[in-house]
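Q: need a structure here:
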Amino acid sequence: MTEYYIAVDLGATSGRVILAKVTDGMVEMEEVNRFPNHLIHLTGHYYWDIFELYRQILAGLKRVGEMGIQPRSIGIDTWGVDVVLIGADLNLLSQPISYRDPYTNGVPEKFFESMPLSEVYEKTGIQVMNFNTLFQLAAMRAYNNSALEAADRVLFMPDAIAYLLTGNFVTEYTIASTGQIVNASTRQLDEELLHAIGLNSNYFGRFVYPGEKVGILTREVQHATGLGPVPVMAVGGHDTASAVAAVPAFDKDFAYLSSGTWSLMGIEVDEPIITEESRRLNFTNEGGVHREIRFLKNLCGMWLLESCRREWPATNYDQLIDEAKAIEPFRSLIDTDDPCFANPHSMTHAIQDYCRRTGQPVPETQGEFVRCIYESLAMRYRAVMEMLLTLAPRPVHCLHIIGGGSRNAYLNQMTADALGMLVVAGPTECTALGNIMVQAGLTRQQIANAVETKSFIPQQQDVWDRAYERYLSITKQPSNDYNKNHKN
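A: Predicted coordinates:
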């Protein structure tokens with residue numbers, strides 16, 4: 001029996017509408033529309049263009065309609081934390097502000113004056129990052145944001161897209177858990193935190209979990225696309241929740257690295273890990289598609305290289321990697337999560353300035369930049385794995401790398417070398433697979449049997465161990481005695 005499903009997958013740099021054909025647990029996916037997702041810099045802020053995203057989604061749905069296919073359902077996933085404000089007249093009050101906007105700088109510290117960090121973390125178990133939804137809304141309050149003052153509803157990005165498609169308001173669990181407003185233990189919105197920013201749960205839509213129905217396409221959308229009253233289903237609304245759901249693992253003794261613009265490294269656990277040590281190490285407890293907890297840490301990922309490439313003449317990745325391979329190993333190393341790399345005017349200048357400050361050779365060529373970024377990312381992954389191993393309730397035998405970064409064999413081998421651990425890469429389309437998986441009721445084992453992966457065996461352990469000690473010295477990061485805690 002063959003059934004069709006649609007995954008709407010919106011990332012921080014591009015979006016896609018994907019048609020999936022599911023036959024006896026096997027999934028075939030076809031990209032029917034891919035489109036850029038540009039930030040708009042206007043009146044001193046960075047915004048997402050939700051109307052253009054909606055237009056492109058409709059274009060993708062229309063192409064499916066023109067194929068004569070009536071899908072069983074549609075699921076939507078996006079990046080985390082950002083919200084859309086809706087007025088009492090049911091119209092959008094503003095384009096959504098991007099998490100890349102610096103307007104939340106210093107807001108967490110101010111918020112913790114009224115509610116201590118320890119109390120916020122005990123409730124949510126969420127890593128403190130200045131762009132978390134809690135702090136975005138607090139910043140809007142502090143600056144008397146007119147849209148928030150007039151808001152009747154606050155919707156996370158996938159829920160806002162679902163509203164435009166169905167007319168129904170919901171708040172999906174996994175996406176809401178990224179915002180630091182969900183109680184990790186109850187898996188519900190935390191009223192005390194919302195009260196601290198002048199809101200309550202009534203501002204949010206009906207709380208739903210992956211697998212629940214949001215609504216059906218409005219008559220307007222049906223007319224525009226040629227589709228019928230297709231249901232829109234809640235999936236892992238946070239793209240990482242969808243991606244992790246589809247990790248092709250056969251047991252629980254693994255860690256994952258969702259590798260893209262951001263890198264997210266973690267494990268799955270049944271209950272949140274909220275301790276003084278997890279708070280000190282700034283780990284987060286986000287919701288999974290089956291209400292499990294994704295215990296992870298958010299890290300900078302390919303944002304560094306993507307930003308550098310915008311400053312260079314057009315060059316493909318293969319050429320950049322060939323240039324990097326010719327560079328002396330471990331020439332320059334950086335802390336990829338240093339705040340100076342968050343959103344600089346020039347990423348190449350930021351990397352050069354960091355290397356000057358730390359007394360290292362300054363990258364000049366593209367190959368030198370790429371080698372610096374890749375080796376530094378691999379080192380950072382090891383540093384976070386060290387932390388994870390001290391907190392994990394069970395052994396970790398391998399690292400599954402999923403997402404676009406899983407195609408990067410050069411970086412994947414570096415990661416295996418740095419960690420001294422088996423790395424299994426793939427699939428690249430984990431987010432869309434996880435989205436479809438929830439809609440179609442598939443299991444992780446079915447996904448594991450259906451996809452191709454590539455394994456990377458660690459090499460040159462002694463060389464990487466010595467380089468790692470130098471990395472720790474340069475970046476001023478403490479060692480967690482990896483060899484002692486590493487469980488082979």
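
Q: Helix or strand: which one has the residue lying closest to residue 192 once chain neighbours are set aside?
A: Setting aside the residues directly before and after it, residue 192 is nearest to residue 123 in space (Cβ to Cβ, 6 or more residues apart in numbering), at 7.4 Å. To be clear about C-beta, it is placed using only N, CA and C from the backbone, and glycine gets the same treatment. Using DSSP states H and E, residue 123 falls within helix 117-124.

Q: by contact count, what packs against that helix?
A: If you count contacts as 3 or more Cβ pairs under 8 Å, 6 or more residues apart in numbering; DSSP states H and E, helix 117-124 packs onto strand 182-183, helix 191-196, helix 276-280.

Q: at 7 Å what do you get?
A: Packed against helix 117-124 by the contact rule (3 or more Cβ pairs under 7 Å, 6 or more residues apart in numbering; DSSP states H and E) you find strand 182-183.

Q: contacting residues around the strand it packs on?
A: Strand 182-183 is contacted by residues 123, 124, 176, 188, 189, 190 when judged by Cβ atoms under 7 Å, 6 or more residues apart in numbering.

Q: let's go with 6 Å and repeat that
A: 123, 176, 189, 190 (Cβ atoms under 6 Å, 6 or more residues apart in numbering).

Q: Max pairwise distance over these: which two?
A: 123 and 176 (13.5 Å; Cβ to Cβ).

Q: quick one on the thing from earlier: and the residue nearest to residue 192, how many neighbours does it have?
A: 20 (other Cβ atoms under 10 Å).

Q: Model confidence for it, exactly?
A: We note a pLDDT of 98 for residue 123 in this prediction.

Q: Hmm, it is touching residue 190, no?
A: Yes. Counting by Cβ atoms under 6 Å, residue 190 is a contact partner of residue 123 at 5.4 Å.

Q: Let me know the closest of the contacts of strand 182-183 to residue 234.
A: Nearest to residue 234 among these, with distances taken as Cβ to Cβ, is residue 176, at 11.1 Å.

Q: Run a quick neighbour tally on the closest one.
A: 29.

Q: Tell me which residues touch it, please.
A: When contacts are counted by Cβ under 6 Å, 6+ apart, residue 176 touches residue 182.

Q: what about it, is that helix, strand or coil?
A: Following DSSP: H, G, I helix; E, B strand; the rest coil, residue 176 is assigned to helix.

Q: distance of it from residue 28?
A: 32 Å (Cβ to Cβ, to the nearest Å).

Q: low pLDDT regions in this structure?
A: 478-488 (pLDDT under 70).

Q: Past the longest helix along it, which element shows up next along the chain?
A: Ranked by residue count and defined by DSSP state H, the top helix of the chain is helix 366-391. Moving toward the C-terminus from helix 366-391, the first helix or strand encountered (DSSP H and E) is strand 398-402.

Q: elements contacting that next one?
A: Contact here means 3 or more Cβ pairs under 6 Å, 6 or more residues apart in numbering; DSSP states H and E; on that basis strand 398-402 packs against strand 254-259, strand 422-425.

Q: Out of those strands, which one sits most buried?
A: strand 254-259 (a mean of 26; mean count of other Cβ atoms under 10 Å).

Q: related to what we said a few turns ago, want to throw the helices and strands packed on strand 398-402 into CSV with distance to residue 35?
A: Shown next, in CSV, are the helices and strands packed on strand 398-402 (distance: least, Cβ to Cβ, whole Å):
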stretch, distance to residue 35
strand 254-259, 22
strand 422-425, 27
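
Q: Show me the one of those that comes nearest residue 373.
A: strand 254-259 (13.0 Å).

Q: Find out how far the helix or strand just after the closest one is from the centre of the chain, if you would.
A: Moving toward the C-terminus from strand 254-259, the next helix or strand (DSSP H and E) is strand 262-269. Strand 262-269 has its C-alpha centroid displaced from the chain centroid by 9 Å (Cα atoms, centre = their mean, to the nearest Å).

Q: out of everything not next to it in sequence, what's closest to residue 365?
A: Leaving aside its sequence neighbours, residue 365 sits nearest to residue 323 (Cβ to Cβ, 6+ apart; 7.0 Å).

Q: Show me the contact partners of the host helix or strand of the one you found.
A: Under the criterion DSSP H and E, the helix or strand holding residue 323 is helix 317-325. For helix 317-325, the surrounding residues in contact (Cβ under 6 Å, 6+ apart) are 366, 367, 370, 371, 410.

Q: How are the helices of the stretch 101-250 of the chain distributed by residue range?
A: 107-111, 117-124, 133-142, 146-150, 157-166, 173-177, 191-196, 219-225, 239-245 (DSSP state H, counting those that start in this stretch).

Q: Mind checking those for the one nearest to residue 74?
A: helix 157-166 (7.2 Å).

Q: Would you mind pulling the contact partners of that closest one?
A: Contacts for helix 157-166 (Cβ under 6 Å, 6+ apart): 54, 76-78, 82, 84, 155, 169-172, 175, 214-215, 217, 221, 232, 237.

Q: Show me those that map onto strands.
A: 76, 77, 84, 155, 170, 171, 172, 214, 215, 232 (DSSP state E).

Q: Spit out the contact partners of the fourth one.
A: Spelled out, it's residue 155. 84, 163.

Q: who does it bridge with?
A: For residue 155, the beta-bridge partners are residue 84 (DSSP bridges).

Q: Over to residue 40?
A: Legend: beta-bridge partners of residue 40 under DSSP bridges are residue 47.

Q: Isn't it up against residue 48?
A: No. The pair residue 40 / residue 48 is not scored as a contact, 7.5 Å apart, by Cβ under 6 Å.

Q: which of the two has more neighbours?
A: Comparing residue 40 with residue 48 by other Cβ under 10 Å, the one with more neighbours is residue 48, at 25 against 13.

Q: what residues are up against the more buried one?
A: 96, 98.

Q: Roughly how far does it sit from residue 127?
A: 22 Å.

Q: same check, this time on residue 78
A: Taken as Cβ to Cβ, the span from residue 78 to residue 127 is 19 Å.

Q: neighbour-wise, which of these two wins?
A: residue 78 (27 against 20).

Q: Contact partners for the more buried one?
A: Contacts of residue 78 by Cβ under 6 Å, 6+ apart are 10, 157, 158.

Q: now residue 471
A: By Cβ under 6 Å, 6+ apart, residue 471 lies in contact with 333, 379.

Q: Whatever helix or strand it lives in vs helix 366-391, what angle?
A: Using DSSP H and E, residue 471 falls within helix 461-475. Going by axes from the mean of the first three to the mean of the last three Cα atoms, to 10 degrees, helix 461-475 is angled at 90 degrees with respect to helix 366-391.
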